[in-house]
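Asker: Structure of the sequence below:
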Amino acid sequence: MSLDHGSDEFSCGLGVALFVRWLLRSRNEPDSSPETAEQIKEEFCYVYLEVVKEFTRFDQELQRLQKYVVEQQPGGPKVTVDVGYEKFLASGIFFNPRFYSSDSFEALTHCRGYSYPKLSY
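Answerer: Just a heads-up that it's a prediction; the model follows:
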């Protein structure tokens, strides 16, 4: 998977969903489809203040881990996907893309339809 955030055609939401999908696949979840990744992104993901504290909270409070039930086809069998660290890591790729790849150094500062303002102190 490539997070080509240098392209004007890159959608921020798509980048987050791709990252969620990559995390699901890396854990061999029973469903890592684009639709499931998109739903998890929309229903569970949030922005954290401090990543180390968030990891610690997840490790200490197991109720933070959630289950997402997916009906793969209408009327078909259902599978359960674990939702864990991606709840906060997904938004983290905007600010620290090294969560995905150690080769990524730049934050996602330009996405189609939105540009983050430059801050001056």
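Asker: Quickly list what the closest residue to Arg27 other than its chain neighbours is bridged to.
Answerer: The shortest distance from Arg27 to any residue other than its chain neighbours is 7.2 Å, reached at Asp82 (CB to CB, 6 or more residues apart in numbering). (Glycine included, C-beta is placed from N, CA and C.) Following DSSP bridges, Asp82 is listed with bridge partners Lys67.
Asker: Just give me the neighbour total for Asp82.
Answerer: A count of nearby residues for Asp82, using other CB atoms under 10 Å, gives 13.
Asker: How about Glu35?
Answerer: Neighbours of Glu35 (other CB under 10 Å): 12.
Asker: For it, list the residues it contacts.
Answerer: If a contact means CB atoms under 8 Å, 6 or more residues apart in numbering, then Glu35 has no contacts.
Asker: again, but for Gln39
Answerer: Tyr68, Val70.
Asker: related to what we said a few turns ago, got a list of what the residue nearest to Arg27 touches?
Answerer: Counting by CB under 8 Å, 6+ apart, Asp82 has contacts Arg27, Glu29, Leu65, Gln66, Lys67, Tyr68.
Asker: distance of the third one from Pro77?
Answerer: Looking back up the chat, that one is Leu65. 23 Å (CB to CB, to the nearest Å).
Asker: Likewise for the last one?
Answerer: Applying CB to CB, the value for Tyr68 to Pro77 is 15 Å.
Asker: Equivalent analysis for the fifth one, please.
Answerer: Per CB to CB, Lys67 is found 16 Å from Pro77.
Asker: what does the fourth one give?
Answerer: The spacing between Gln66 and Pro77, counted by CB to CB, is 20 Å.
Asker: Please compare the two by neighbour count and tell me which comes out ahead.
Answerer: Using other CB under 10 Å as the criterion, Gln66 and Pro77 rank with Gln66 on top: 13 against 9.
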